[in-house]
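Asker: following is a predicted model, sequence given first.
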Amino acid sequence: MTKLRNSLKFKIGFYLTTILAITVFVFLLVVARFPPNHSNTHVIIGFALGFVVLASLLMAYLVHRLVDLPLRDLEEGTARVARGDLNREIPVRSSDEIGQLASSFNSMTRAIQKSQADLESWGHILEQNVEDAKHEINIAHTETARSEKLASVGLLATRIAHELNNPLTGMLTVSSMVRKNLADGSRDAQDLDLVIRETRRCAAIIHRLLDFSQEKAPEKTFSNLNKLITEAAQLIEQASHTGDIEIITVLDEQLPAVWLDENLISQVIMNMLVNAQHAIEGKGNITIKTHFFSAYDRPDSIATSGSVAEITIADTGCGISRDDLQRIFDPFFSTKDIGEGTGLGLSVSHGTIEAHGGVIEVESIVGKGSEFRIYLPIGGKIDRAKSV
């Protein structure tokens, strides 16, 4: 600012000196042209005054053009910046110090504007990172709560199963022996057949409780996933008592062998197919697909460094409500009528897929059907990036 002040003083002094010198020079010319005497004194004074007025006007214009306007531009620009308006630049009217100051001011304004844009961008990125972190924390909290729930239920299930298994075995043995001594078709035989059937059903539930509470470590080998799905689909078709449900398989022939436990994955597929079958009332279809995803084209919801095998099981059944979707993997939760399900199938399947380092996702629309997607690593482990 000191340099600018000195420059302005110099310019004003220079203009004043120049104009004064020109005025004196012109006055001398007039005096030389018209020597002073009584008759031309008024003429000389008139010329002098007129030229002084003209010089003053010229001086005023120069000061206004070269000093006042640039300073006013700077003042208005500073006021706009103070109000937060960074979109307008002040005009650069000259190449002197004032012009350089105006140019520097414009550069400063652009720099502030860029800094604000960067700050807004960083703010949005930070907000997104915070949301992602909160999302991951919620997922971790949900998984922790589920693990604790499963541990508690597993301990309770083990104790109940062991307490009930021996009495049920005795009941089934005695009932079967008594039944052999009764004639077929008699009332007592029918009653005992009902007892035997329900006892076996209770025994099956207990066995599933034991399987649920005693998680078995997968015995993995590289296996043909398409073959497992084909065999499971054939079993479901043979066991079905109606031809109203069509099972469609669309298998990816490029799918390589997958590192898995054949028995456990077969149980998961069978459970999914049975659930899909029960969800369809009347005619409908179940579609089973497999697909190979390389490390470069896998879904956004899956984070892994390797390739992935996808199993999709979709049905045209009744669908699952939004509230029930949040609970379908909880142990003992079932949408079936009492006596038609234990509520352990999906929970056990979920645990099996997690033991394989995989992920299960589900989407459903009430009245249109459900779609389960299972992602298994060809070899390795999948991290959950998003919850669907």
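Answerer: Arrived safely, thanks for sending.

Asker: now do the residue nearest to Thr199 when sequence neighbours are not counted against Gly345, distance only.
Answerer: Excluding its sequence neighbours, the residue lying closest to Thr199 (Cβ to Cβ, 6 or more residues apart in numbering) is Leu172, at 4.7 Å. The way it works is simple: take the backbone N, C-alpha and C, and place the C-beta from them, glycine included. In this structure, Leu172 lies at 23 Å from Gly345, with Cβ to Cβ, to the nearest Å as the measure.

Asker: comparing those two, which shows the higher neighbour count?
Answerer: Neighbour count, other Cβ atoms under 10 Å: between Leu172 and Gly345, Gly345 has more, with 21 against 16.

Asker: pretty sure that one contacts Leu273?
Answerer: No. Using Cβ atoms under 8 Å, Gly345 makes no contact with Leu273, being 10.8 Å away.

Asker: who does Gly284 bridge with?
Answerer: For Gly284, the beta-bridge partners under DSSP bridges are Ile245.

Asker: residues contacting it?
Answerer: By Cβ atoms under 8 Å, 6 or more residues apart in numbering, the contact set of Gly284 is Asp244, Ile245, Glu246, Asp315, Thr316, Gly317, Gly369.

Asker: next up, the contacts around the closest residue to the fourth one other than its chain neighbours.
Answerer: Leaving aside its sequence neighbours, Asp315 sits nearest to Ala276 (Cβ to Cβ, 6+ apart; 3.7 Å). With contacts defined as Cβ under 8 Å, 6+ apart, the neighbours of Ala276 are Ile286, Ile313, Ala314, Asp315, Gly317, Ser370.

Asker: before we move on, back to that, so which strand or helix has the residue nearest to Thr199?
Answerer: helix 97-180 (DSSP states H and E).

Asker: could you list every helix and strand in contact with the host helix or strand of Leu74?
Answerer: Here Leu74 sits within helix 69-83, counting by DSSP H and E. Packing partners of helix 69-83 (3 or more Cβ pairs under 8 Å, 6 or more residues apart in numbering; DSSP states H and E): helix 97-180.

Asker: which elements pack onto the helix it packs on?
Answerer: helix 2-33, helix 69-83, helix 187-213.

Asker: what about 6 Å?
Answerer: Using 3 or more Cβ pairs under 6 Å, 6 or more residues apart in numbering; DSSP states H and E as the contact test, the elements touching helix 97-180 are helix 187-213.

Asker: by contact count, what packs against the helix it packs on?
Answerer: By 3+ Cβ pairs under 6 Å, 6+ apart, helix 187-213 packs against helix 97-180.

Asker: any idea of the mean pLDDT for the helix it packs on?
Answerer: For helix 97-180, mean pLDDT rounds to 79.

Asker: what's the closest of the contacts of Gly284 to Glu163?
Answerer: Closest approach between the contacts of Gly284 and Glu163, by Cβ to Cβ: Gly317, at 36.5 Å.

Asker: which non-adjacent residue is nearest Gly77?
Answerer: Ile90 (4.0 Å).

Asker: hang on, that neighbour in a helix?
Answerer: No. Secondary structure of Ile90 (DSSP: H, G, I helix; E, B strand; the rest coil): coil, not part of a helix.
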